[in-house]
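# Okay, predicted coordinates and the sequence, questions at the end:
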Amino acid sequence: MGAILTRTTAHERSWARLAGAALLGLALGVMIAYFAVYVAYAAGLMRFPFDYDQGEGFELVDTIMLSEGQWPYRNAEVYPFYASNYPPLYHVMLIPFAWLFGPAYWYGRLVGFLGTLVTASAIGYAVWRAERHRTIAILAGLAFLASNTIYHIGPLFRQHMTMVMFETLAIVVLASVPERPFPTRRRMIAGLALLLAAGYTKQLALATCVAAFGWLFLRRPRRALAWGVLFAAVTGGLFVWIHLATDGQWTLHIIAANVNEFMAQQALDLYLQWFRLHAPLILLAALLVAYEVYFTRLSLYSVWWVLAVANSALSGKWGAGDSYFATAIAATCLLSGIAAARTLRGGWTIPDDHPFAAWLAGMREWIARQRDGLLSAAAIAIPLLYLWYGVSVLHLPTEGPVFEQVADALGLESSYGDRYAFYDSAGWVPGYATIGHIPTQADVDAGKRIAAIVAEGDLPALSEEAGFSLYAGKDVITNPTQLKNLYENGQYDPSELVAAIEAHEFNVVVFRAQFFPPPVLDAVYRAYTPTETITMNGFAYEIWRPNTDDASAGTGAE
Amino acid sequence: MWRWLDDDFTLTKRQLGGLLIAAGALAIVAMLAAEVLDSDSGGFGLVQRAGTALGVLAALLGLTLLPLGDRPA
């Protein structure tokens, strides 16, 4: 090919490659800057000793219970009115930390954060393995961490990103040698063990299991069925064991209580937001999927991407949100990385024996003639796509060393006004988590004030977040959203909790979002009075104390 | 009939197309059936419209795969 290059085209190509390399370096710089913001945010969260995202504390409670040999799947109708709706693996992984350090948030956030780094590395490795383009491989991994969604849920004490890590590792292991008709036995065992781990970290991994077995079925239906039976037996065996060990509470809380109201508009809004933020990478990924559908064999990555994007529809469930797109984002970064690297090395081909080959002969000849020019254009276009993505996902704290200066230089102001200092290009739609800022000392002080109130007296507190009770060394009472889920599915009788509230068996009630079942809220409105509001992390925490005058009972305090 | 259970059997693009057409048709029928069986639900909602649209898309995608014949899926 080089022999027929004219001096002009060779010069243009070298110029384009130089400009492309500079743009690629710029895109890499932008992604590294996002990574620095992510590390600063993660470090800030690890220092914060209370719930940052509602629900973190209950995952800590699950960890503590499991570290003491107790199941968190229990009868929520009796004291302490607590139960969990998440599978146990993430919490089991944290047991050694709980033994060594007691109840603390930092280790769950650290494991979540490290999980995202493993996922990013797996994405980068998969891109490198497929196309041997080191820079694009690194860009693809960093692009995952640069996503607004991954940024704000990555370093939380939540099991979601650990599930995504197991899912991604499973897919990368199973897809190792695409030219083989079927993965080797060793890879099948490793891949399915990782899928099992993903499912027992969070139920949402079911879609990735379906994707893996769907792809295996396309390749070798008989073997896929045989492995599927084995996988179902192991998964089901574990399920039955926990069901029996918890007298059926596991099934109740994991399955029955997870059927929530579905809000189609919320899912639609979150899809649009996801597309707006990740458009350049989604377009690249979709291009590769379409190419595989029509011109080559479907890879596991493509099947996974389609299923992961479809499964994100569950973000419309009450209590769900943008985190449900995390798997789709991982798959998007992986597929788009392969597409980008393949474009740069000119690896898109149409097989000679393809049924469309005759129809596309003209286009193939034109592409062959213009190959150098097209490669030069690709060298510019691909980095520009990553830069477009970098602009789309713009997010950073607007206060603090360096961040304030950068925000000022970019003319950015907090998207949340005085509530907290954080700019987020994602905007807000229902279901999108309003977090991302780095907690301040004022937030820590506010949390300690609430914890001091919770610590008053000997009675336990009815707190909507577990962190204050844990900090005060008191029992954690209730898991509000789980009680609400159970109640709405007709699986929860709140009479014992209502009686305890009416008997003033809690020294205070701490509300943040009032996610308790309606009868429980009504009981609090009758028996307690709001006395103080303390703001932490931009959220107003209401302190309700027992009514001292019986006459005030029934007046309500809404 | 049972050829698909042979150890060396791989689904073809045409067979994948057939599966997609069947799945799409099933989705459309399910969405319409939901409306007939639960007519008090307040009309053909967003979920049903989305389900129908996805069913149509799957069926159309399946149709375009039929000409690709015996190439492995």
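Looks like it came in fine.

# what about A:Val234, distance to chain B?
Using C-beta to the nearest C-beta, to the nearest Å, A:Val234 is found at 23 Å from chain B. Quick note: C-beta positions are derived from backbone N, CA and C, even for glycine.

# Is chain A within reach of the longest helix anywhere in chain B?
When chain B is scanned for its longest helix (criterion: DSSP state H), the result is helix B:13-37. Yes: Helix B:13-37 comes into contact with chain A (C-beta under 8 Å from any C-beta of the partner chain), by way of B:Leu16.

# now for that helix, which elements pack on it?
With contacts taken as 3 or more C-beta pairs under 8 Å, 6 or more residues apart in numbering or on different chains; DSSP states H and E, helix B:13-37 sits against helix B:46-65.

# I'd like the distance from the helix it packs on to the chain centre, please.
The chain centroid and the centroid of helix B:46-65 are separated by 7 Å, computed with C-alpha atoms, centre = their mean, to the nearest Å.

# Quick one: list the elements packing against that helix.
Using 3+ C-beta pairs under 8 Å, 6+ apart: helix B:46-65 touches helix A:264-294, helix B:13-37.

# Show me what the mean pLDDT comes to for it.
For helix B:46-65, mean pLDDT rounds to 93.

# For stretch A:119-134, list the C-alpha coordinates in CSV.
What follows is stretch A:119-134, C-alpha atoms only, in CSV (Å, rounded to 0.1, in the frame of the first residue of the first chain):
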residue,chain,number,x,y,z
THR,A,119,-14.5,-2.8,36.1
ALA,A,120,-12.6,0.0,34.2
SER,A,121,-9.5,-2.2,34.0
ALA,A,122,-11.6,-5.1,32.7
ILE,A,123,-13.1,-2.8,30.0
GLY,A,124,-9.7,-1.5,29.0
TYR,A,125,-8.3,-5.1,29.0
ALA,A,126,-11.1,-6.3,26.8
VAL,A,127,-10.6,-3.5,24.3
TRP,A,128,-6.9,-4.1,24.2
ARG,A,129,-7.4,-7.8,23.8
ALA,A,130,-9.8,-7.3,20.9
GLU,A,131,-7.9,-4.6,19.0
ARG,A,132,-4.4,-4.1,20.6
HIS,A,133,-4.8,-0.3,20.7
ARG,A,134,-3.4,0.7,24.1
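
# Contacts for that stretch next, please.
Here stretch A:119-134 makes contact (C-beta atoms under 8 Å, 6 or more residues apart in numbering or on different chains) with A:136-138, A:140-142, A:144-145, A:161, A:164-165, A:168-169, A:171-172, A:175-176, A:178, A:301, A:330, A:333-334, A:337-338, A:340-342, A:344-345, A:347.

# one step back: please work out which of the helices and strands packed on helix B:46-65 is packed deepest.
Highest mean neighbour count of those: helix A:264-294, a mean of 19 (counted as mean count of other C-beta atoms under 10 Å in any protein chain shown).

# May I ask you to confirm that A:Trp544 belongs to a strand?
Yes: checked against DSSP: H, G, I helix; E, B strand; the rest coil, A:Trp544 lies within a strand.

# quick one on the thing from earlier: need the contact partners of the longest helix of chain B.
A:218, A:298, B:11, B:41, B:44, B:48, B:51-52, B:54-66, B:68-73.

# now stretch A:311-326
Surrounding stretch A:311-326, the residues in contact under the criterion C-beta under 8 Å, 6+ apart are A:148-150, A:153, A:158, A:160-161, A:164, A:204, A:206-207, A:260-268, A:270-271, A:273-274, A:327-328, A:426, A:431-433, A:481, A:485, B:50.

# any idea how far it is from the chain center?
10 Å.

# got it, and stretch A:476-492?
Taking C-alpha atoms, centre = their mean, one finds the center of stretch A:476-492 at 23 Å from the center of the full chain.

# contacting residues around that stretch?
A:55, A:57-58, A:61, A:76-77, A:79-85, A:252-253, A:256-261, A:319, A:460-464, A:466, A:469-470, A:494, A:497, A:506, A:515-520.

# how about the nearest residue to the closest residue to chain A within chain B, chain neighbours excluded?
Residue of chain B nearest chain A, by C-beta to the nearest C-beta: B:Leu46 (3.8 Å). Counting by C-beta to C-beta, 6 or more residues apart in numbering or on different chains, A:Ala264 is the residue found nearest to B:Leu46 once chain neighbours are left out, at 3.8 Å.

# Please identify which residue in chain A comes closest to chain B.
For chain A and chain B, the shortest gap (C-beta to the nearest C-beta) falls at A:Ala264, measuring 3.8 Å.

# From A:Leu156, how far out is A:Pro80?
Distance of A:Pro80 to A:Leu156, given as C-beta to C-beta, to the nearest Å: 24 Å.

# helix, strand or coil for A:Thr533?
Classification of A:Thr533 by three-state DSSP places it in strand.

# Next step: the contacts of stretch A:119-134 restricted to helices.
Short answer: those in helices (DSSP H) are A:136-138, A:140-142, A:144-145, A:161, A:164-165, A:168-169, A:171-172, A:301, A:330, A:333-334, A:337-338, A:340-342, A:344.

# top helix in chain A by residue count?
Longest helix in chain A, counting by DSSP H: helix A:7-46.

# Report the buried residues of that helix.
A:13, A:16-17, A:20, A:23-24, A:27-28, A:30-31, A:34-35, A:37-38, A:40-42, A:44-46 (16 or more other C-beta atoms under 10 Å in any protein chain shown).

# try stretch B:54-61
For stretch B:54-61, by 16+ other C-beta under 10 Å, it's B:Leu54, B:Gly55, B:Ala58, B:Ala59, B:Leu61.

# Contacts only, for the fourth one.
Contacts for B:Ala59 (C-beta under 8 Å, 6+ apart) come out as B:Leu20, B:Ile21, B:Gly24, B:Ala25, B:Ile28.

# what does the first one give?
For B:Leu54, the residues meeting the contact criterion (C-beta under 8 Å, 6+ apart) are B:Gly24, B:Ala27.

# quick one: it from A:Gln266, how far?
From B:Leu54 to A:Gln266 the distance is 18 Å (C-beta to C-beta).

# Equivalent analysis for the fourth one, please.
B:Ala59 sits 27 Å away from A:Gln266, going by C-beta to C-beta.

# what's the nearest residue to A:Leu117 if we skip its chain neighbours?
A:Leu145 (7.7 Å).

# and the one you found, how many residues sit next to it?
Using other C-beta atoms under 10 Å in any protein chain shown, the number of residues around A:Leu145 comes to 22.

# Now do the same contact list for it.
Neighbouring residues of A:Leu145 by C-beta under 8 Å, 6+ apart: A:Met31, A:Tyr34, A:Phe35, A:Tyr38, A:Thr116, A:Leu117, A:Ala120, A:Tyr151, A:Gly154.

# Try it again at 6 Å.
By C-beta atoms under 6 Å, 6 or more residues apart in numbering or on different chains, the residues touching A:Leu145 are A:Phe35, A:Tyr38, A:Ala120.

# quick one: contacts for the first one?
Shown in contact with A:Phe35 (C-beta under 6 Å, 6+ apart): A:Leu142, A:Leu145.

# Make a PyMOL selection of the buried ones in the contacts of stretch A:476-492.
Typed into PyMOL, the line below selects the buried ones among the contacts of stretch A:476-492, using 16+ other C-beta under 10 Å:
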select buried, chain A and resi 55+57+58+61+76+77+80+81+82+83+84+85+252+253+257+260+319+460+461+462+463+464+466+469+470+494+497+506+515+516+517+519+520
